[in-house]
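[1] Sequence first, predicted model second:
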Amino acid sequence: MRSNGLKARMRARGKVDGVLHHSDRGCAYASGQYRDRLDALGMRVSMSRAGDCGDNAIEESFFSTLEAELLCRNRFHGHAQAIVAVSEYIDHFFNPQRRHSTIGYVSPIEYELRWQSR
């Protein structure tokens, strides 16, 4: 599997059965090998339609926020340092604390906990 980020999330979260994996139509994500691996994990594949930028609006918003709140405010001395900073931002701020308008102004972790308790 190509994505180290996906592997890390699987290790941290455990069960991924039924999780939605959304991507663009890039060749890496559209490849049969990658899609077969997602299927074997029980993940549902969601791929944006060609030419429909609205499909990726939430992802684009995330990257814009990441750039404004972390990347533009810091200078990294190498790739490894940037990876650590982004991981810490996501795991210790963005997911547990940052409120999101698309999910009712709660954090992603709070949203998931509420969803699981239904």
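    Done, it's in.

[2] Please count neighbours and contacts with C-alpha atoms only from this point.
    Noted.

[3] could you pull out the strands for this protein?
    For the chain, the strands defined by DSSP state E cover 20-23, 44-47.

[4] buried set for the first one?
    Neighbour-count burial for strand 20-23, with 16 or more other CA atoms under 10 Å as criterion, is recorded at residue 23.

[5] what about the chain, any weak spots by pLDDT?
    Along the chain, segments meeting pLDDT under 70 span 1-6, 9, 14-15, 24-27, 48, 51-56.

[6] elements contacting whichever helix in it runs longest?
    Ordering each helix of the chain by length in residues (DSSP state H) puts helix 57-69 first. On a contact count with 3 or more CA pairs under 8 Å, 6 or more residues apart in numbering; DSSP states H and E, helix 57-69 meets no helix or strand.

[7] ok, and for it, which residues are buried?
    For helix 57-69, by 16+ other CA under 10 Å, it's residue 66.

[8] Over to stretch 87-97?
    89, 94, 95, 96.

[9] cool, stretch 7-19 as well?
    Residues residue 16 are the ones in stretch 7-19 that count as buried (16+ other CA under 10 Å).

[10] now it: how far from the chain's centre is it?
    12 Å (CA atoms, centre = their mean, to the nearest Å).

[11] Run through who's touching that stretch.
    If you take CA atoms under 8 Å, 6 or more residues apart in numbering as the criterion, stretch 7-19 is touched by 1, 41, 42, 43, 44.

[12] do the same with stretch 75-91
    Defining contact as CA under 8 Å, 6+ apart, one finds that stretch 75-91 is touched by residue 70.

[13] From residue 117, how far out is the residue nearest the centre of the chain?
    Nearest to the geometric centre of the chain sits residue 59, at 7.7 Å (CA atoms, centre = their mean). To residue 117, residue 59 is 26 Å away according to CA to CA, to the nearest Å.
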